[in-house]
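**Q** Next comes the sequence, and after it the predicted model I'd like to discuss.
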Amino acid sequence: MANEITGNIFKYTIDTEDPRHKNGFIAIGSESIVYKGKRIKKTNDKTDNHPSDDEMLRFPCVLKFKQKYMTINGTRVDKLREFKENELKIFDKLRECRSVVRIDDVIEDLGDFEYICQYFQEGYGIIDNRRYFCVVEEYIEGWNLDEYCREVKWELRQWKELSDAKRYPVNYNEFDLEKKASIKKSYNYKAIISYQNQILRFMQNLCDIMWYVTEQKKILHLDIKPENIMVTKNGNEIVLIDFGRSIVTTDLQPYANIELSHVDYSVNEDPPEAQYQYGTLGYAAPECYYQATSNSQYPFSTKHNQGKLSIESDIFSFGATFWECLNIFELTTSSESFSKNSHDFYRDNMLMDDVYCNRDLSCTSKIYHEKLEEIIKKCTRARTNDFTNTHNKNYYHSYKEISNDITDALNSLPTIDKKENVKANNYFKLCGGFLAVAAAILIIAWIYRGRAFSINNARWNSLTATYTETKIEQLKSLSDDMISLAIKGSGDINDTYKKIAEFTYIDGDISDKEAEMLVDLLQKINDNKQLPQRIDEIMKYANTRQFKPVSEQIVRFDGAVDSIGYRFAKAIYNLEVASKVSDNDVLSAYALLEDYQKNINTGNDEFHNAATKLKHCLDNYESVKIIADSKGEDVHNFTFFQN
């Protein structure tokens, strides 16, 4: 028994040293077992039984072990011949595309290689030359799209290391209550907008890839799903993998006819013998699903065109993938079934016409752009007799169409209503030349302000959709423009400030730069009536590590405002920023904490973080001694606040 596979130029071995892929295992599917491998250049140059420098050079690769023969519906199928006649030729056609995974080698004869796979559903399986051949693919450093969404962006799955060198997934439904609460808190406006922008970029990238694959090279993928889309670790680009079900079409016949067998939908799917569909359940288009046997019910209302697969079939899978990415947080946190196994969730809950098709965003965040729902619905629309007819505009027939709509959703801007102004016409008729000129000036000014307001709103939508803390100067400049226009009458001042402030409050984490921006705006607005409430809001939402610089901003209102938030800011400033701390500063701060302790006792603890910060400012020997002396107590016996 050997642990190396010999190819034409390289030798290959399973990489058991990567901590992310214990025992080298990546995945197991209906037709292949996938491991991370090492590629080693073959050489005969050895001295003293030591490997040469070439043999010491090892590069990562993917070893995809595929069964040579499979029995499907009672028929023995030569999968090796099928692979060479179809999939291998497809990879050759797509080799020049760097966004499609590459095949580096195909090893039909594994020789003496044997490896025990521990991940079969019914115990162990042996990978050897009798049963398998090996396809060597390039290794994409990163995650598949499902892993990226669940693990990287939302942390809805973690991995537990076991003593037997296996990794065990711990899904959201197994998290403790504290961890679940923390994750739900992270699902806020800024995070959702950032995530939406990233997913849109991925989908645009996927449109470009699929346009090349399908519309240029005439290849239907027919298994688009998150697990077959890799997200690279460096650069967050995507790479399309797994063309095992792909079919080449032609200009004359731009579709594939698949002979679909009959299945019993009342029995749980167990690939490949009892598979319901050509592709993957949950993502495959309705026309990919097999006919039902007499004792079970076909899940879709329309049965025509079954087995006739086209670009619209892949577009349905594209839309289903897009839909899952945008819904994945709610699906995972609301459904234990989806959290543990999305395949079972789709089979048990969505394999019915009215929910499988026409997918929408009704169960996810309202923050997502409304046009995204239109795109997803159009991709996954229930089938009609003419859904493949390019004149039927209820369906997409090209990835360029989808890409254009995604671009429009991301970059759409409000337009100015250029309807005729009735008041202006009356002014011209009634008042003659002088009044006409005056009215024209007013109208131009009104249109200018309206245009500027619309442009600023568009800039706001664009900026907040991609906002990170590195764009704070852009946010400050734009917010200043919006408030200036509101002061001049283009928009409500309070609504405009509230919109800006709530964007900074949304994750409960105001930085010093954001506090500086809000204080600048409040000084510009100069509304003493609203000022106390707005200062209090800033102190409630301030980052706990930023109270010192935030307090520096707020004390700029010295003498103009008196509120509990302002008093906390002033006290923190006096103890942390002022050049000299007086006894009175210490005693005033302590008195503020005493008063606030009464609020806590009545259940009001809105300024908990600020009070904690102030307590830490006083929690030193010098300050405690001042407080103890004022109360006539010995400093060593003095008890500070415990809450």
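**A** Yep, it's here.
**Q** Helices of the stretch 101-250 of the chain, residue ranges please.
**A** 145-147, 177-186, 189-210 (DSSP state H, counting those that start in this stretch).
**Q** which one of these lies closest to S310?
**A** Smallest distance to S310 across the helices of the stretch 101-250 of the chain (Cβ to Cβ): 13.0 Å, for helix 189-210. Just so you know, the C-beta spots here come from the backbone N, C-alpha and C atoms, and that holds for glycine as well.
**Q** Packing partners of that closest one?
**A** strand 229-232, strand 238-240, helix 311-334, helix 399-411, helix 422-465 (3 or more Cβ pairs under 8 Å, 6 or more residues apart in numbering; DSSP states H and E).
**Q** and the fourth one with helix 311-334, angle?
**A** Put plainly, it is helix 399-411. Between helix 399-411 and helix 311-334, the angle comes out at 40 degrees (axes from the mean of the first three to the mean of the last three Cα atoms, to 10 degrees).
**Q** got a list of what the nearest residue to N144 once chain neighbours are set aside touches?
**A** With sequence-adjacent residues excluded and distances taken as Cβ to Cβ, 6 or more residues apart in numbering, N144 is closest to E227, at 4.9 Å. Going by Cβ atoms under 8 Å, 6 or more residues apart in numbering, E227 touches 27, 144-146, 242.
**Q** Which pLDDT does the model give E227?
**A** According to the prediction, E227 has pLDDT 94.
**Q** and the gap between it and E370?
**A** 29 Å (Cβ to Cβ, to the nearest Å).
**Q** Tell me the secondary structure at R95.
**A** For R95, the secondary structure call by DSSP: H, G, I helix; E, B strand; the rest coil comes out as coil.
**Q** and I627, what is it in contact with?
**A** So I627 contacts 586-587, 590, 618, 638 (Cβ under 8 Å, 6+ apart).
**Q** Is it possible to get JSON lines of these that adds secondary structure, distance to R58 and pLDDT?
**A** Shown next, in JSON lines, are the contacts of I627 (DSSP: H, G, I helix; E, B strand; the rest coil; distance: Cβ to Cβ, whole Å; pLDDT from 0 to 100):
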{"residue": "V586", "secondary structure": "helix", "distance to R58": "65", "pLDDT": "90"}
{"residue": "L587", "secondary structure": "helix", "distance to R58": "69", "pLDDT": "92"}
{"residue": "Y590", "secondary structure": "helix", "distance to R58": "65", "pLDDT": "91"}
{"residue": "L618", "secondary structure": "helix", "distance to R58": "60", "pLDDT": "86"}
{"residue": "F638", "secondary structure": "coil", "distance to R58": "66", "pLDDT": "73"}
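**Q** What's the ChimeraX line that selects buried ones from those residues?
**A** To isolate the buried members of these in ChimeraX, using 16 or more other Cβ atoms under 10 Å:
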select :586,587,590,618
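**Q** ok, the contacts of I627 vs Y168, which is closest?
**A** Nearest to Y168 among those, with distances taken as Cβ to Cβ, is L618, at 47.3 Å.
**Q** Pull out the buried members of the contacts of E227.
**A** Among the contacts of E227, the ones that count as buried by 16+ other Cβ under 10 Å are 144-146, 242.
**Q** Distance of the residue sitting nearest the centre point of the chain relative to Y368?
**A** Nearest to the mean C-alpha position of the chain, by Cα atoms, centre = their mean, lies Y195 at 4.1 Å. Applying Cβ to Cβ, the value for Y195 to Y368 is 9 Å.
**Q** burial of the closest residue in space to D112 that isn't next to it in sequence, as a residue count?
**A** In this structure, D112 finds its nearest non-sequential neighbour in A2, 4.1 Å apart by Cβ to Cβ, 6+ apart. By other Cβ atoms under 10 Å, 12 other residues sit near A2.
**Q** one step back: now the contacts of I627 in CSV, please, with extra columns for distance to W159.
**A** Shown next, in CSV, are the contacts of I627 (distance: Cβ to Cβ, whole Å):
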residue, distance to W159
V586, 50
L587, 53
Y590, 48
L618, 44
F638, 49
